Each structure stands twice: as C-alpha cells, then as structure tokens.
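Novice: Make a model of this:
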Amino acid sequence: MSPYAIGAALILGCATSHISKGDAVAPFAREGVTAAAARPLRHALLVGIDAFQDERFTALHYASADALALGGALSDFDDLRVLVHPAETTRSGILAELAALEARLHTPSDTVVIYFSTHGSLGREPGGELKRFLVAADTRMDLMLETGISVDTLVRKADRFRSRRVLLVLAACHSGKGKSQVPDDLAHALAMRKAGGPPPLEQVSEAVIVLTAAAFGESAREDEALAHDVYTHFLLRALDEGDRDGDGAVTASEAHDYAREQTYTYTGGQQRPTSESTVLGRDPIILRGQPTRIGRPVVYSYAPSAEGIAVLVNGVHKGTLPGGIALQPGSYKLRLADWHDGHVLYDGEVDVRAGEYLDISRLVRQQGVRVAAEAGFGAMIPFSSAMRAALPTLLLAVARLRVRGYPHNWVRAELQAAFMTGSGEDPNVAGTSVAFRANGTYLALGLGAEVPLGDRFFVGAAAAPGVMLLSRHYLGIFIGHQSLRATTASASVETGWIPSDRLRLGVRLEAIAVFGRIGGSSGPHRALLPSASATFSF
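Specialist: Alright, predicted model coming up:
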C-alpha cells in the first residue's frame, strides 16, 4: 500500500491496529485488462478459533460463531473465506491464507476485510517493549514470539496490500482477562504499563485510521445471552441499523461508531471503545448496501487528539469524540470542549451541506492556531516623582498582534506597539517652567496566558520585555529637544467580554518598569500604564 493509501482499522478489545479510509475510487481498466476484469472486488478473510492445543489457553465459546455469523452478513462479497476448523486455524495455515489473499488483490479499489476472533496475548524480546499477539490454534504460551501472530506484523502486511481499502477487525484483547491470556511473568510489566496510562499508538503512514473498540487493559467479553463476543454482536447489528447518514450504505466507520456506543452501554462502561485517527475524505469501506442517495452531513473526528472531546450542537450535547454525528443540512452553533475539565477548544458557527463530511479536528486546529489583532486607547501615568517632572500623562493609541498556539490554546504570544503623545511643563529649565510636547513609541514582545470564564468572559495575564522611545520638544522662549531611549519590563492583567466570535472588549492594566533617563532626571523611571482596548479576532 502506498504512503497515501487510505484505509481503516477496527480493534475489538484491547489490541490496536489500523484501517485505511478516504474518498471513493472509481473502477478503472488497466492496460491489457478489460473493464469488467478490473472491477473492484470485495474480499473477506474471517477467522474464529474456539479450541487451542495449548491447554493454558482456555476454550472460547463463540469465536467460531462470530466468524460464521459475520460471514453470513458479508455473503454478498465476491471472495469470502471463513476459517474455523482446527486444521485451518494454525499459525502456518492463517499466514498462508493471508498470502493467498494478497495475491488475489488486483486493483487499489478492492475492499479487504480481515477478521479475527480469538485470544490475544502479550510477549516481548528480552529488554524490549510489550508486543501484542493473536493466538492461533497451535500457539504456545511460553513461545509467543515464535508461535503467535504478531499484531504489528499483521498490520504491516495489510499496509503493503495493493488495496487502499483494508479493514482489520481484531476481536481480541490484551488485558490479561476476558478474551486474553497473558503469561504470569508478564503480569507485573502489564500492570506497570497500565499504571502509566495507555500505550502509545503505532506510528502509521498518512491517512491510516486507528479505531480502538476497548481501552488498553480492558476485556473483550463473550456474552452467553448474546451468544457472541459483545462487540461483534453489535457490529453485526450495525450492518442493519448503523447507516448514520442515511445514504443507503453502512461503512466501516459507521458500523464501528454504532457498535462502540452499544458496547459501552451494554457493559455499563466496563468496555470503552475508542477511536483514534485522521480521516481524509469519506469512508469507502462499505460493509452493507450501496449509496443510493445523498446522505445527511456528518461532523466527525477520529484524530488521536480528539479523545474525550464533547460535542455540543446548539447547546445540546450530541456525543463524545472520537466518532461522527449526523445532522440535517443547515447552520449550527458548534462547541467542542474537553469532557474532563470543560476547557473550550472551539466555539463557533458551522454551515454543513447534504453529503458533506466535516472533520471537526480541523476546526480545533484552526482555533488552536489563532491570530488576533487588537486596537485600543489608553493612558500612561508617570509613577515616580522624577518621571512626573520629566513627562506628563501620555495618551496612547495601542495596537497588538496575538497568536495562540495549538494544542495549548490558553498560551499566547503577543507583539504590542503603543504610540504616545502629551503636553506639559518642565520646571527645571533655566529656573523657570517651559512648556513642551512629548511623543513616543513603546514596543514589547511577550508571552501570556488566557483562561475563559464561562461562555463569554475571560481573564488573562502577560509579561514582556520591550523598548521605549520618547522625545520632548520645548515650546515658546526655549527651543530644544531631549530624548529617552530605554529598555522596559512589563507585567499586565486583563479581563473582558466576548460578545461574538469576531469581537472582544477588554480592559487591560499594565505596569511598565522603564530603565532610562530624560534630561537631567535620574533613573530608572517607573510608570503605570492602564489601557482599555477593543479586540477584533480573525
């Protein structure tokens, strides 16, 4: 598969893998091949293993039934292989079928579904990272590296397929319970890994999605009442009920999202399906039906950074990412917020059209790297007696340019320029008071932080080094000119109101330490700079 291959992956349980996904590719005829022969085909290789030669792996009850049921649901595929018998489900037998499947692929637009329902396990080389394995009928627990099927190897093999539409469904987990069998000598390492948080996802090529149907360390459960693996049961139901956008077809991502929600509810939150990926275009992996009409618009994200982001549409909570939400065409007020602390990542309006798929992770990035220009007016009030003798209160015209960086939207960099003017009298010129006019410029570059207060208010603070250039022009009986060139250090606080996405009204108080001299006055001088500004964001 090329670096730009598009695919998708469903992981049922705790294992993690990949699938490709993207815009549908029309059938085409290759040189020397008729158009009919070049028609994209749909292939499925389904493996279910109930019994294992190594008695340390407990027998499963519904793995074969899972594979056979999915085979029935995918009966309209062009090429369907179901492996459930012991002779077919050895490691060598499975790898041989995978190689044969790869040889049967003849266009990049072929669809490939590979499904495993079996035990998952863990193994590692001495001193190495924990690796995930699928257990074949002849796998030995004490020789996992040699006799198991490496998930990483399976993913790399699928990634090299000619097809750009590959779906891996792994109904297994690697938690040490449920459909998972972990050697005792790995139990401590697994516990330490789980204690440190979820493991890093595999680094995969561009546009490959990673969908995880249960968090690391959780079980993929078989259920006697359902007579299936829980996730597989709802995946099968999704083929009938999971057409989210109503276009007549059920795609891999739609089926996964449906099964994820149902699994979470059925297990009372004990099995928490998750999805992490970057989706480019629409999902072309169709599991049931065909698109016969323009579907409803869908807002979605499968990006790793989307985990745990709540989606509110017109103030109503619609779900938690990763996943997708179907809407009616129109304009909506969309808010994305961290489910845990309520931090708002995006708050704005979106327009969606029929058939449109809007990747809302792009909205977070757009708001995350946001430029804001400010313009305002204020005053600088000399603070020290020496400064008051040298300068009057100065009126300010203030301009600022701010950049907030992704993913930490509360952090900002700012460039500030203030243009100052005022008039006063200097009492220390030739024993008399002489009128003067002062003009100058203040420039500062600094870092700040900003925290939202509810929907429409904010508070912030910043610190910045800078420079100040001031001059005094004497008027009347004494003609002269004096200049101040000084370095500065400032600290500021501000608060304000955000009436709309494009306008912010705020009040800023800033204290500036000025290190310099004017005329015969001594330094350093200190001044207090309060200012009020209206902010326009774009």
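Novice: R412 contacts V451, doesn't it?
Specialist: No. Between R412 and V451 there is no contact under Cβ atoms under 8 Å: 11.2 Å. Just so you know, the C-beta spots here come from the backbone N, C-alpha and C atoms, and that holds for glycine as well.
Novice: Of these two, give the one with the bigger neighbour count.
Specialist: Legend: neighbour count by other Cβ atoms under 10 Å for R412 and V451, higher for R412 (19 against 11).
Novice: hang on, that one in a strand?
Specialist: Yes. Counting by DSSP: H, G, I helix; E, B strand; the rest coil, R412 is found in a strand.
Novice: let's have the chain start at 54 instead
Specialist: I'll keep to 54 as the first residue from here, and by that count the last item is R465.
Novice: got a list of what it touches?
Specialist: With contact set as Cβ atoms under 8 Å, 6 or more residues apart in numbering, R465 has these partners: R455, V456, R457, G458, L500, G501, A502, E503, G513, A515.
Novice: Mind doing that once more with 6 Å?
Specialist: R455, R457, G501, E503 (Cβ atoms under 6 Å, 6 or more residues apart in numbering).
Novice: Which single one of these is nearest to A225?
Specialist: R457 (42.3 Å; Cβ to Cβ).
Novice: pLDDT value on the closest one, please?
Specialist: R457 is assigned 72 on the pLDDT scale.
Novice: just the helices in this protein please.
Specialist: 116-126, 144-157, 197-200, 204-212, 240-248, 283-294, 305-319, 413-421, 438-443 (DSSP state H).
Novice: where's the nearest residue to D310 once chain neighbours are set aside relative to A312, distance?
Specialist: Excluding the flanking residues, the one nearest D310 by Cβ to Cβ, 6 or more residues apart in numbering is G376, at 4.6 Å. According to Cβ to Cβ, to the nearest Å, G376 stands 11 Å off from A312.
Novice: before we move on, what about R213?
Specialist: Separation of R213 from A312 (Cβ to Cβ) stands at 28 Å.
Novice: So these two - more neighbours on which side?
Specialist: Of the pair R213 and A312, A312 is the one with more neighbours under other Cβ under 10 Å, namely 25 against 12.
Novice: got a list of what the more buried one touches?
Specialist: Y284, F287, L288, A291.
Novice: What is the nearest of those to R274?
Specialist: Nearest to R274 among the contacts of A312 is Y284, at 8.2 Å by Cβ to Cβ.
Novice: Look up which residues are beta-bridged to the closest residue to A120 other than its chain neighbours.
Specialist: Once flanking residues are discounted, A120 sits nearest to G101: 3.0 Å by Cβ to Cβ, 6+ apart. Beta-bridge pairing for G101 (DSSP bridges): S170.
Novice: mind checking pLDDT for G101?
Specialist: Model confidence at G101 (pLDDT) stands at 95.
Novice: now G408
Specialist: The model's pLDDT for G408 equals 85.
Novice: quick one: low-confidence ranges for the stretch 354-503 of the chain?
Specialist: Applying pLDDT under 70 to the stretch 354-503 of the chain flags residues 356-358, 393-394, 414-415, 417-423, 437-442, 458-462, 481-484.
Novice: now R157: how far from I202?
Specialist: Taking Cβ to Cβ, one finds R157 at 20 Å from I202.
Novice: Among the two, which residue is more densely surrounded?
Specialist: A count of neighbours by other Cβ under 10 Å puts I202 above the other of R157 and I202, at 20 against 15.
Novice: for the residue nearest to that one when sequence neighbours are not counted, what are its contacts?
Specialist: Closest residue to I202 apart from its sequence neighbours, by Cβ to Cβ, 6+ apart: L187 at 4.4 Å. Neighbour list for L187: F169, T171, I202, A225 [criterion: Cβ under 6 Å, 6+ apart].
Novice: T345 now?
Specialist: G301.
Novice: what about G321, how many neighbours?
Specialist: 7.
Novice: Please tell me how far it sits from E275.
Specialist: Taken as Cβ to Cβ, the span from G321 to E275 is 16 Å.
Novice: Helix or strand with the lowest mean pLDDT in this structure?
Specialist: strand 72-73 (a mean of 26; mean pLDDT, DSSP states H and E).
Novice: Can you give me the neighbour number for L340?
Specialist: L340 has 25 neighbours, counted by other Cβ under 10 Å.
Novice: for it, what are its contacts?
Specialist: So L340 contacts L292, V303, A308 (Cβ under 6 Å, 6+ apart).
Novice: Kindly indicate the member of these with the most neighbours.
Specialist: Going by other Cβ under 10 Å, A308 tops the contacts of L340 with 28 neighbours.
Novice: Tell me the spacing between that residue and H138.
Specialist: Relative to H138, and taking Cβ to Cβ, A308 is found at 27 Å.
Novice: about what we covered before: CSV for the contacts of R465, including neighbour count and distance to D163?
Specialist: Listed next are the contacts of R465 as CSV, based on neighbours: other Cβ atoms under 10 Å; distance: Cβ to Cβ, whole Å:
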residue, neighbour count, distance to D163
R455, 20, 50
R457, 20, 44
G501, 20, 53
E503, 17, 50
